[in-house]
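Visitor: test case, fold it:
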Amino acid sequence: MKNFKAILDILRENISFKLGVMVVVTLFTCFVPGLWILGVQRLVDAYGDWQHAGGNLRENVGMLAAPLLLLAVLFLAKKLDQMFKIPIELSLQENIGNSLKVQLIRKGSRLPLVVRESAECQNQMEVCNAFVGEISQKANKVLLVFRSGIMMVSVVGAVSTLNPWILLALCVGTLPSFFSMVYAMNNAVKTDQELGARNRVLSYYAGLMTGVAYAKELKAYRLYPVMIDRWKEESIYINRKRLLQEKKNAVSRLAGGICLSCAFTVAAILLMGLIMGGSVSVGAYVAMFGAITSFSGALGDFTVSVTDIMALFGRVSVFREFMELEEKTAVQGEKIVPESVGTGYPGIGETCYRLQNVSFRYPGCMDYVLKDVSFEIRKGERVAVVGENGAGKSTLVKLMLNLYNRDLGEILFCGKPVAAYGEEIKDICDYLPQDFIRYQGSLRENVLLHNMSRHVQNAGISDEQIIRALERVGLSGLLEETGYNLDIPLGKLFEDGRELSGGQWQRVALARALVGESEYIFLDEPTSALDPVSEIQVMEAFLETVAGRTAVIVSHRIGVARRCDKILVIERQRVAQFGTHAELMGHAGPYRKMVELQASLYQ
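Guide: Numbers count the residues shown, from 1 in each chain. The predicted structure is shown next:
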């Protein structure tokens with residue numbers, strides 16, 4: 001009942017008032033079957049009385065008029081219900097699906113990034129996405145539970161006025177069928193929970209083989225047969241488990257169906273005995289059979305709907321847990337709101353970033369990703385961050401941008417704790433992550449992606465600025481090919497979309513960091529997809545463009561690092577060296593070792 005109530009609460013909170021009124025009104029039509037049974041009984045008995053009175057229509061018109069009028073009204077109500085049923089179900093799906101999807105996305109955006117990136121959170125999001133899709137499709141099943149339940153109550157009420165013994169037979173016969181349904185659904189829920197991981201693996205293999213991202217590698221190395229075999233192995237296991245479950249459920253449903261059939265048979269025999277003994281009228285006899293048919297149909301809808309809803313029980317609990325996850329910690333004290341770029345910032349001085357004994361580790365991990373990190377960056381400096389894979393370079397950038405919260409130490413931005421700036425720090429800092437978005441939209445939208453909200457609010461970013469940013473990153477050729485058309489769609493999502501190479505996509509992403517002209521720029525491996533010649537050309541143009549601005553660039557390429565004002569070397573989660581290229585080359589250390597190693601590759 002707790003999970004069912006949770007589903008009802010979710011539906012209630014996400015249905016508009018107008019739609020809610022329509023749903024309530026349609027529920028009243030569910031009393032039609034019970035009233036129809038009584039109307040049929042009255043009509044048949046009235047017809048018998050009319051025949052007995054001599055069949056004079058003019059003198060006995062009242063006998064037939066009342067039940068005929070009642071049945072006509074009920075027939076009209078049934079037609080109106082059928083007319084509005086599908087629009088209401090479609091509106092339910094749209095209301096519930098859209099509302100819950102937006103809530104899920106907003107919740108994910110408010111979670112700390114370190115939580116959002118965790119495997120546990122990603123699994124929860126996957127389950128929640130599935131739940132949102134299912135509940136939007138099955139919202140009408142909840143409505144059908146109430147509709148069929150009211151129908152059964154109305155039929156039971158009508159039968160109770162005719163003969164209580166037949167009512168008792170129907171109720172007793174219904175119980176085994178209901179319990180068999182509950183048993184089958186419990187088995188289904190348990191099987192779904194057991195097969196959760198297997199289903200994810202099955203979806204992974206299906207996506208791997210049907211997508212285009214890995215098609216070249218799969219085809220080149222003839223991996224399709226291998227992946228098909230693994231997919232079939234998982235599919236066979238899942239199908240066997242479900243088949244075993246269905247066999248058990250079929251036995252329980254058969255037992256319930258036999259009990260229900262016996263109940264209907266007993267009711268029919270009782271009816272025959274009652275009519276032969278003159279205890280019930282012919283109208284009651286006809287109405288009884290109508291009641292059995294209506295009750296059977298309503299019971300079938302009820303059991304199927306409850307079964308479908310119970311399938312959501314396992315996921316609704318995960319959805320509730322996810323929506324109750326702790327969000328980003330609110331800023332304590334007065335929140336600092338940076339002013340517009342170029343006008344200065346609170347507490348600004350020569351040092352814009354100061355990190356003192358900063359340590360960080362991921363939730364649930366014992367080992368630190370960064371340990372006791374201390375350094376300073378002055379305004380206008382261009383700093384390269386280098387180090388081996390896993391040293392913590394990307395994590396360091398996320399800490400400086402307040403995307404992660406440090407565990408120990410202090411991070412000051414313009415003299416104030418970086419946490420005091422909250423989300424607004426992203427408004428004055430441009431950040432290009434290593435796994436940037438290849439946005440399936442126009443060229444203009446791609447360049448303005450990081451500044452889109454400001455652009456929509458007439459921030460004054462002109463087409464000339466966009467073109468200038470694209471030219472600075474070496475995309476003059478693309479502009480000439482497209483006739484400087486910034487509305488050309490990029491990617492394969494559109495029929496006339498233009499697919500770019502990996503290097504071109506990276507240049508477009510670099511243009512995002514330039515077009516906003518922020519005073520603080522953070523780049524994570526900005527040239528990983530470029531060839532050496534293009535890399536030097538792009539980075540020289542980039543560093544020239546950002547002269548006077550503060551830039552932090554994570555890179556494995558020494559050619560990029562040596563062109564920066566200073567170089568920060570991370571080794572074994574700590575700051576190993578910090579200085580200019582000349583200073584670091586003057587000492588035997590990890591930086592000089594990296595330079596010599598990379599140089600040897602070109603000898």
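
Visitor: how about the residue nearest to the spatial centre of the chain, what does it touch?
Guide: For the chain, the residue nearest the mean C-alpha position is Asn129 (3.7 Å; Cα atoms, centre = their mean). Listed by Cβ atoms under 8 Å, 6 or more residues apart in numbering, the contact set of Asn129 reads Leu104. C-beta: built from backbone N, CA, C; applies to glycine.

Visitor: pLDDT on the host helix or strand of it, on average?
Guide: Applying DSSP states H and E as the criterion places Asn129 in helix 119-162. Across helix 119-162, pLDDT averages out at 79.

Visitor: what packs against the helix or strand just after that helix?
Guide: Downstream of helix 119-162, the next assigned helix or strand under DSSP H and E is helix 164-194. Applying 3 or more Cβ pairs under 8 Å, 6 or more residues apart in numbering; DSSP states H and E, we find helix 164-194 packed against helix 119-162, helix 224-276, helix 282-310, helix 313-323.

Visitor: with just CA atoms, put stretch 277-292 into PDB.
Guide: Extracted as PDB, the C-alpha positions of stretch 277-292 are listed here (Å, rounded to 0.1, in the frame of the first residue of the first chain):
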ATOM      1  CA  GLY A 277     -39.700 -21.200  -7.800                       C
ATOM      2  CA  GLY A 278     -41.100 -17.800  -8.600                       C
ATOM      3  CA  SER A 279     -38.800 -16.000  -6.200                       C
ATOM      4  CA  VAL A 280     -37.400 -13.600  -8.800                       C
ATOM      5  CA  SER A 281     -38.900 -12.100 -11.900                       C
ATOM      6  CA  VAL A 282     -37.900 -12.600 -15.500                       C
ATOM      7  CA  GLY A 283     -36.400  -9.100 -15.400                       C
ATOM      8  CA  ALA A 284     -34.200 -10.000 -12.500                       C
ATOM      9  CA  TYR A 285     -33.100 -13.200 -14.300                       C
ATOM     10  CA  VAL A 286     -32.000 -11.200 -17.300                       C
ATOM     11  CA  ALA A 287     -30.400  -8.500 -15.200                       C
ATOM     12  CA  MET A 288     -28.400 -11.200 -13.200                       C
ATOM     13  CA  PHE A 289     -26.800 -12.500 -16.300                       C
ATOM     14  CA  GLY A 290     -25.900  -9.000 -17.400                       C
ATOM     15  CA  ALA A 291     -24.500  -8.400 -13.900                       C
ATOM     16  CA  ILE A 292     -22.300 -11.500 -14.200                       C
END
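
Visitor: follow-up on the earlier one: ok, which of the helices and strands packed on helix 164-194 comes nearest Leu448?
Guide: Among these, the nearest to Leu448 by Cβ to Cβ is helix 119-162 (27.5 Å).

Visitor: got the angle between that closest one and helix 282-310?
Guide: 170 degrees (axes from the mean of the first three to the mean of the last three Cα atoms, to 10 degrees).

Visitor: out of the helices and strands in this structure, which is least certain?
Guide: The helix or strand with the lowest mean pLDDT-type score in the chain, counting by mean pLDDT, DSSP states H and E, is helix 452-456 (a mean of 54).

Visitor: what's the mean pLDDT across whichever helix or strand comes after that helix?
Guide: Later in the chain than helix 452-456, the nearest helix or strand by DSSP H and E is helix 463-472. Averaged over helix 463-472, pLDDT sits at 90.

Visitor: hmm, who's touching helix 463-472?
Guide: Helix 463-472 has contacts (Cβ under 8 Å, 6+ apart) with 443-444, 447-448, 476, 478-479, 484, 486, 507-508, 511, 514-515, 541-542, 545.

Visitor: buried ones among the residues you listed?
Guide: Restricting these to buried positions leaves 443-444, 447-448, 478-479, 486, 507-508, 511, 514-515, 541-542, 545, with burial counted as 16 or more other Cβ atoms under 10 Å.

Visitor: give me the element Gln434 is part of.
Guide: Counting by DSSP H and E, Gln434 is found in no helix or strand.

Visitor: looking at it, it is touching Glu525, isn't it?
Guide: Yes: applying Cβ atoms under 8 Å, one finds Gln434 in contact with Glu525, separated by 4.5 Å.

Visitor: overlap in contacts of the two?
Guide: Common neighbours of Gln434 and Glu525, using Cβ under 8 Å, 6+ apart, are Val554.

Visitor: which of these two has more residues huddled nearby?
Guide: Glu525 (20 against 15; other Cβ atoms under 10 Å).

Visitor: ok and the helix holding Asn129 relative to helix 164-194, angle-wise?
Guide: When the same axes, to 10 degrees is applied, the directions of helix 119-162 and helix 164-194 differ by 170 degrees.

Visitor: residues near the nearest residue to Lys371 once chain neighbours are set aside, how many?
Guide: Counting by Cβ to Cβ, 6 or more residues apart in numbering, Gln573 is the residue found nearest to Lys371 once chain neighbours are left out, at 4.6 Å. The tally of other residues near Gln573 (other Cβ under 10 Å) stands at 20.
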